[in-house]
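Colleague: Coordinates for the following, if possible.
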Amino acid sequence: MRLVVYHASQCAPRKCTALKLARFGLVKLVRSFRAIPKHGTLLNPFSSTPLSRRDASSKVLIALDCSWEHAEEVFRRCRLKGRRLPLLVPGNPVNYGKPAKLSTVEALAGALHILGMPGEASRLLSKFSWGESFLTLNRELLRDYMRAETPEQVLEVEREYFTPL
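Modeller: Numbers count the residues shown, from 1 in each chain. You can find the predicted model right below:
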């Protein structure tokens, strides 16, 4: 699967996971909305439909790398509907343990895992000292999301893990 990341230049370059992935040749970085492929699966945290194995036929996975403070505006400007990742717990040092506040590499790795490509997910995360902690924190979740075939089944898994007591 081809990985494309729109980079909004809103983060500290030394901490940016998308830039590091691009340096290793693991993603194609684009800096214009026009350069984003029209056909592919966009990871959009504001979509109501979760990513599921049904989306595995897509040839391109697209992430938008921007500050969480400006995320709504950036995703609105993109105009692609996309799929949201089901809830996952970040392992990155900035947002460790805060559900849904994933770095770009965590979002891509989570998506790849859910789509049935855990080896590719591990390959991306191996470039970060904290990458393994993301997989450890989400081991059962990722396994169960990957087993879910439909968006409805993904939502059931998400509710099972994250419904408040």
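Colleague: which residues sit against the worst-scoring helix or strand of the chain on mean pLDDT?
Modeller: The helix or strand of the chain with the poorest confidence is helix 71-78; it has a mean of 72 (mean pLDDT, DSSP states H and E). With C-beta atoms under 8 Å, 6 or more residues apart in numbering as the test, helix 71-78 has contacts from Y6, A8, F33, I36, L42, N44, P45, F46, L64, C66. Any C-beta I mention is one placed from the backbone N, CA and C, and that applies to glycine too.
Colleague: Now the spatially closest residue to the second one that is not a sequence neighbour, what are its backbone angles?
Modeller: This means A8. Counting by C-beta to C-beta, 6 or more residues apart in numbering, A8 lies nearest to C66, which is 3.9 Å off, once chain neighbours are set aside. Torsion angles at C66 (phi, psi; degrees, to the nearest 10) stand at phi -150, psi 170.
Colleague: C66 contacts A18, doesn't it?
Modeller: No: if you go by C-beta atoms under 8 Å, C66 and A18 don't touch, sitting 9.6 Å apart.
Colleague: Which one's more surrounded, these two?
Modeller: A18 (25 against 22; other C-beta atoms under 10 Å).
Colleague: who touches the more buried one in this structure?
Modeller: Contact analysis of A18 by C-beta under 8 Å, 6+ apart lists V5, H7, V27, L29, A63, D65, T104, V105.
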